[in-house]
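Peer 1: Quick check, what structure comes out for this input:
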Amino acid sequence: MDDVLRSDAIEQAAAVRDGRVSPRELVEAAIARIEAYDGELNAVIHRRFERALAELDAIPADAPFRGVPILLKDLGWPQSGEPYGAGSRTLDGVVVKEDGYGTARLRAAGFVVLGRTNTPEFGSTITTEPVAYGPTRNPYDPAYSAGGSSGGSAAAVAAGMVALATASDGGGSIRIPAALCGLVGLKPTRGRSSAGPSAGEGWSGFSCPGFVSRSVRDTAAALDLVSGYVPGDPYDAPRLPRPLAEEVGADPGRLRVGFVATHPRDDVPAVAELTEAVEGAAALLAALGHDVAPGCPDALGDPDFPAHFGAIVANNLAAEIENVGVWRGKPVELEELEPRNAAMVGAGRGHSAAAHILATQWIDGFRRRMAAWWASGYDLLLMPSLGVAPFPLGWIPPDDLSTAFGRTAHAVSYTAPVNATGQPSISLPLHRNAAGLPVGVQLVAAAGREDLLVRVAAQIEAARPFEHAALR
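Peer 2: You can find the predicted model right below:
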């Protein structure tokens, strides 16, 4: 059974179909791993084991992922009848009334939801250390952060509790935890999957749902399941030529790849292990036959980007807190929030509607300047997945906001611009630092080109299979 749990979700589904393992045996084994290892890691903050086991008999025999266990991030991904905390004490007692579209599609495909994973309060930072639930620890070294905001999901997958878990990414929250936990993390094109029915968009379109996994093919297959426009959605991603699962193993052709290992913005410090990771990935891509050379969009170095991006996030967080007051029946006082979020909500409340529109218009121009680089003939941009080295728990201080915001800005310097443009990007586990901690690199494609990302990521995975040393 350990061999099955160490495999990816596609292999687990095949084991069920072939009769090598029953859905109940698979789910019970995953439950046992959570009970054995989560006391140290604190990845799963809500468990629904009895309900999950009771649901097994109702899963259709032909469901493609019948009996495969999964965990849902406790931010987005609502599930009917289950609590929803978003990492915050302000939502104590809130129970969801209906599945999100993505959750419903996963359950219809046969996935069995075992619980919900830890996340920082309202997903607004790069490390999962909420006051409400405590820190999630990195399976590679429990003194280190698993990243955020999908840190609980990433830690659970890296530790082998499940092969696949849901995530979301508004400034790097899929790619950063994937990088720190040695996983695959694909942020899709804006509009690829619906946030409905309870929401239209997240963070003015910056945020989108996705997954963390141990294999490219799992990520591709899972994204296929939840993709697709739903009438009323504010965005519709360009149609893919075929399912992403069919891109795994397909020849990506000879691609033109630009890479940047040191950020072009002057305020972002260079980090030797990130440079080493990117240069190693560039050499691998060149060895695979691609045209690889230094280069990136000029707009990536625009010093005005962080202020506009941060203002839009603060404005959205302020609006979210207003909604929380409605959900729970009384307004949220700033004192109820963690200091970081109290400051952001306060800033958002101080911005005018006109200022918000002007910030979004600035981002519109930024998006066009970024897109022009791909339109000029480049296929992919290679960069670090995280702008800082792997960091210990507590490195983002809860009470020293100047240090916290500064370090966070550096950390998302390579990821947040891709949220602003709405392009797809994938983080791959191709490097380890001297301490053995994972260091991810990301590839960014033009809008709508997840197919290209999956092809080249699968090519890389075949050439240099990913190691998952945290599996116990």
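Peer 1: Going by C-alpha atoms from here, please, whenever you check contacts or count neighbours.
Peer 2: Will do.
Peer 1: What are the boundaries of the strands in the stretch 201-350 of the chain?
Peer 2: 208-213, 256-259, 291-294 (DSSP state E, counting those that start in this stretch).
Peer 1: Give me the mean pLDDT for the last one.
Peer 2: Model confidence over strand 291-294, given as mean pLDDT, is 98.
Peer 1: what comes up buried for it?
Peer 2: 291, 292 (16 or more other C-alpha atoms under 10 Å).
Peer 1: Please name every helix or strand in contact with that strand.
Peer 2: Counting contacts by 3 or more C-alpha pairs under 8 Å, 6 or more residues apart in numbering; DSSP states H and E, strand 291-294 is packed against strand 256-259, helix 272-287.
Peer 1: That one pairs with which strands, and in what direction?
Peer 2: strand 256-259 (parallel) (DSSP bridges).
Peer 1: Nearest to residue 54 among the helices and strands packed on strand 291-294 would be which one?
Peer 2: With C-alpha to C-alpha, the closest approach to residue 54 among those belongs to helix 272-287: 45.3 Å.
Peer 1: Buried ones in the closest one, by neighbour count?
Peer 2: 273, 274, 275, 276, 277, 278, 279, 281, 282, 284, 285, 286.
Peer 1: would you turn those residues into CSV with pLDDT and distance to residue 234?
Peer 2: Converted to CSV, the buried residues of helix 272-287 look like this (pLDDT from 0 to 100; distance: C-alpha to C-alpha, whole Å):
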residue, pLDDT, distance to residue 234
273, 97, 40
274, 98, 36
275, 98, 38
276, 98, 40
277, 98, 37
278, 98, 35
279, 98, 38
281, 98, 36
282, 98, 36
284, 98, 39
285, 98, 36
286, 98, 39
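Peer 1: Out of the residues you listed, which is nearest to residue 457?
Peer 2: residue 285 (10.2 Å).
Peer 1: Any chance of the backbone angles for the residue positioned nearest the centre of the chain?
Peer 2: In the chain, the centroid-proximal residue (C-alpha atoms, centre = their mean) is residue 174; its distance is 1.5 Å. Taking degrees, to the nearest 10, you get phi -100, psi -50 for the backbone angles of residue 174.
Peer 1: ok, now which ones touch it?
Peer 2: 148, 149, 150, 167, 168, 185, 186, 187, 210, 211, 212 (C-alpha atoms under 8 Å, 6 or more residues apart in numbering).
Peer 1: try 7 Å
Peer 2: Residue 174 sits next to 150, 167, 168, 185, 186, 187, 212 when contact means C-alpha atoms under 7 Å, 6 or more residues apart in numbering.
Peer 1: Which members of the residues you listed occur in strands, if any?
Peer 2: Of those, the ones assigned to strands by DSSP state E are 167, 168, 185, 186, 187, 212.
Peer 1: Show me the beta-bridge partners of the fourth one.
Peer 2: Residue 186 has the following beta-bridge partners by DSSP bridges: residue 211, residue 426.
Peer 1: circling back to that earlier point, Throw the buried residues of helix 272-287 into a markdown table and include distance to residue 194, thanks.
Peer 2: What follows is the buried residues of helix 272-287, written out as a markdown table (distance: C-alpha to C-alpha, whole Å):
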| residue | distance to residue 194 |
| --- | --- |
| 273 | 36 |
| 274 | 33 |
| 275 | 35 |
| 276 | 37 |
| 277 | 33 |
| 278 | 32 |
| 279 | 36 |
| 281 | 32 |
| 282 | 34 |
| 284 | 35 |
| 285 | 33 |
| 286 | 36 |
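Peer 1: Out of these, the closest to residue 346 would be?
Peer 2: residue 274 (34.4 Å).
Peer 1: Okay, the residue lying closest to the closest one once chain neighbours are set aside and residue 175: tell me how far apart.
Peer 2: Residue nearest to residue 274 in three dimensions, not counting chain neighbours: residue 384, with 6.1 Å by C-alpha to C-alpha, 6 or more residues apart in numbering. With distances taken as C-alpha to C-alpha, to the nearest Å, residue 384 is found 10 Å from residue 175.
Peer 1: More neighbours: the two, which one.
Peer 2: residue 175 (37 against 33; other C-alpha atoms under 10 Å).
Peer 1: From residue 376, how far off is the more buried one?
Peer 2: 26 Å.
Peer 1: Report the contact partners of residue 238.
Peer 2: residue 448.
Peer 1: same deal with residue 33?
Peer 2: residue 161.
Peer 1: so how far is residue 39 from it?
Peer 2: For residue 33, the distance to residue 39 (C-alpha to C-alpha) stands at 10 Å.
Peer 1: So what's the gap between stretch 141-149 and the chain middle?
Peer 2: Relative to its chain's centre, stretch 141-149 lies at 14 Å (C-alpha atoms, centre = their mean, to the nearest Å).
Peer 1: Give me the buried positions along stretch 135-142.
Peer 2: So, applying 16+ other C-alpha under 10 Å, buried residues of stretch 135-142: 135, 136, 137, 138, 139, 140, 141.
Peer 1: Convert the C-alpha atoms of that stretch to PDB, please.
Peer 2: The C-alpha coordinates for stretch 135-142 follow below in PDB (Å, rounded to 0.1, in the frame of the first residue of the first chain):
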ATOM      1  CA  PRO A 135       2.100  27.100  11.500                       C
ATOM      2  CA  THR A 136       2.400  24.500   8.800                       C
ATOM      3  CA  ARG A 137       5.900  23.000   8.700                       C
ATOM      4  CA  ASN A 138       7.900  22.000   5.700                       C
ATOM      5  CA  PRO A 139       8.300  18.200   5.400                       C
ATOM      6  CA  TYR A 140      11.900  18.700   4.200                       C
ATOM      7  CA  ASP A 141      12.800  20.500   7.500                       C
ATOM      8  CA  PRO A 142      10.100  21.200  10.100                       C
END
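Peer 1: I appreciate the help and will end here.
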